[in-house]
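# Structure here, sequence nowhere to be found:
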């Protein structure tokens, strides 16, 4: 695994942003630059392209945060090159030959053989470098300008945090201490007259579905924040519950998605249309050029939207017509799982935000509520009496690694803890019986604990009904189901 410590083997490096760098690229470069300077090394930040930075927010960012980025149209070769927010050989970055090349990026991995790290699930390159800085013990709080730059980098690359979905992105957003006055200056100098004209024109180029209440808007080339601005305006239109705004990039199409209806989560729609994610109401994504084939982008999006609305069944926990008697019975395996009383973490009545790789959810700490940690790091609340009926305490060590260990935040005080600080272990007592059947297509289940959304299951996942409560309906992913449940064979 790449570490920033590797860069300290060199006395001097060149840090390259992609051509026409955005806030995320500048912040990422500034972070690597600051790390090298703190460790007594030399570094320079460069970018190329056909023109110097001209957007008002970026010009102010360079000045207010003192980022020493240099424009160089005719870049010469160098010894050690560190590319941030881009990868070697891509069309959006000038080619530099170097004896050693590293790349730190959050876009799709081009697998070009260069050293470094690419984590495409993250919302910004700033987040990736923030995590790398933490790994080497770098104290970002000692550098308020850098903290502000990283915060703004994530802010801009996720459309003002509206398309943020990875827990590390959320962690950085919540933990950085930034300069509010500088951030506000940058935020409110983000729109040029030309971009205002782009927004106005986009709102005149649309197609709507009266039956499904969605609309698609086409914007000219613009910053992705402008797409979010257009989306927010479009959602004010009567009888538009879902909207997609897109524009064309050199290698594909950027989407901004909004939803104001419970039946369509914007982040789930983003995953259906493109590689993307975000929140239930606001999300975004990207469609590569080769994905649409010979279709036009308008035809591709429209046909995919029509396909989407016909691609799933809906099941409402309080009013469903599932044939429960035909569903096989299963019993939970005796696998150790994590648990903790919610009041072990924060005091009774505390408003807690639980952060997992699957997303965030909120719960109020109570002696009646326990938190469970499943085999893949999934977290779900359970009533204390139900826990005591279905689990027995165990001294078994839960020897599992998770891609992201869940955290909990006190929404009032801001205090954050990892749940592994409190996790104890238990084993199902053999009293948890369910009825379940694999899905043959996509399904949305509107459960008791998701009043503003749904659980989404794909073909092969299991729709589950508790044997002792037929209105308790939910989805279990197939890989989790197969690890955690056995067919139930009642005693003769």
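Cool, the structure landed. Note that the structure is a prediction, hence the values are computed from the model and not measured. Numbering: from 1, shown residues only.

# any weak-confidence spans in the chain?
Within the chain, the stretches with pLDDT under 70 are 224-225, 277-279, 396-400, 449-452, 491-492.

# Walk me through the domains of it.
The chain resolves into domains spanning 4-187, 193-310, 312-334+430-492, 336-417 when parsed by automatic domain parsing.

# For the last one, measure first residue to last.
End-to-end distance for domain 336-417, by CA to CA, to the nearest Å: 22 Å.

# chain center to that domain: distance?
For domain 336-417, the separation from the chain centroid amounts to 21 Å (computed by CA atoms, centre = their mean, to the nearest Å).

# Same question for the third one.
Put simply, domain 312-334+430-492 sits 27 Å off its chain's centre (CA atoms, centre = their mean).

# repeat for the first one
Relative to the mean C-alpha coordinate of its chain, domain 4-187 is positioned 19 Å out (CA atoms, centre = their mean).

# State the distance from residue 88 to residue 117.
Using CB to CB, to the nearest Å, we find residue 88 at a distance of 14 Å from residue 117. Bear in mind the C-beta positions are built from the backbone N, C-alpha and C, glycine included.

# which one of these two has more residues nearby?
Summary of the neighbour comparison: residue 88 and residue 117, criterion other CB atoms under 10 Å, with residue 88 having more neighbours (21 against 18).

# my read: the more buried one touches residue 115, true?
No: using CB atoms under 8 Å as the test, residue 88 is too far from residue 115 to be in contact (10.4 Å).

# Please enumerate the shared neighbours of these two.
Taking CB atoms under 8 Å, 6 or more residues apart in numbering as the contact rule, the neighbours common to residue 88 and residue 115 are 101, 103.

# and residue 126, how many neighbours?
Considering only other CB under 10 Å, residue 126 is surrounded by 33 other residues.

# for residue 17, same thing?
Around residue 17 sit 28 other residues, with neighbours defined as other CB under 10 Å.

# ok, it touching residue 44?
No: the criterion here is CB under 8 Å, and residue 17 misses it with residue 44 at 11.5 Å.

# Quick check: neighbours shared by these two?
Jointly contacting residue 17 and residue 44 under the rule CB under 8 Å, 6+ apart is no residue at all.

# that older thread, for the domains of the chain, which one sits closest to residue 423?
domain 336-417 (4.0 Å; CB to CB).

# And the strands in the stretch 101-250 of the chain?
Along the stretch 101-250 of the chain, the segments classed as strands by DSSP state E, counting those that start in this stretch run 115-118, 206-209, 214-218, 242-249.

# in its sheet, what does the first one sit against?
Based on DSSP bridges, the pairing partners of strand 115-118 within the sheet are strand 98-105 (parallel).

# repeat for the longest one
Strand 242-249 has the following sheet partners, assigned by DSSP bridges: strand 214-218 (parallel), strand 252-259 (antiparallel).

# Contacts for that strand, please.
The set of residues that contact strand 242-249 without belonging to it, under CB under 8 Å, 6+ apart, is 202, 212-222, 227, 230-231, 234-235, 237, 253-261, 264, 266, 269, 273, 286-287, 297, 301, 305.

# Next, show the common contact partners of residue 88 and residue 117.
By CB under 8 Å, 6+ apart, residue 88 and residue 117 have these common neighbours: residue 103.

# State the number of residues packed around the nearest residue in space to residue 239 that is not next to it in sequence.
If the residues on either side of it in the chain are set aside, residue 239 comes closest to residue 213, at 5.6 Å by CB to CB, 6 or more residues apart in numbering. Close neighbours of residue 213, defined as other CB under 10 Å, add up to 17.
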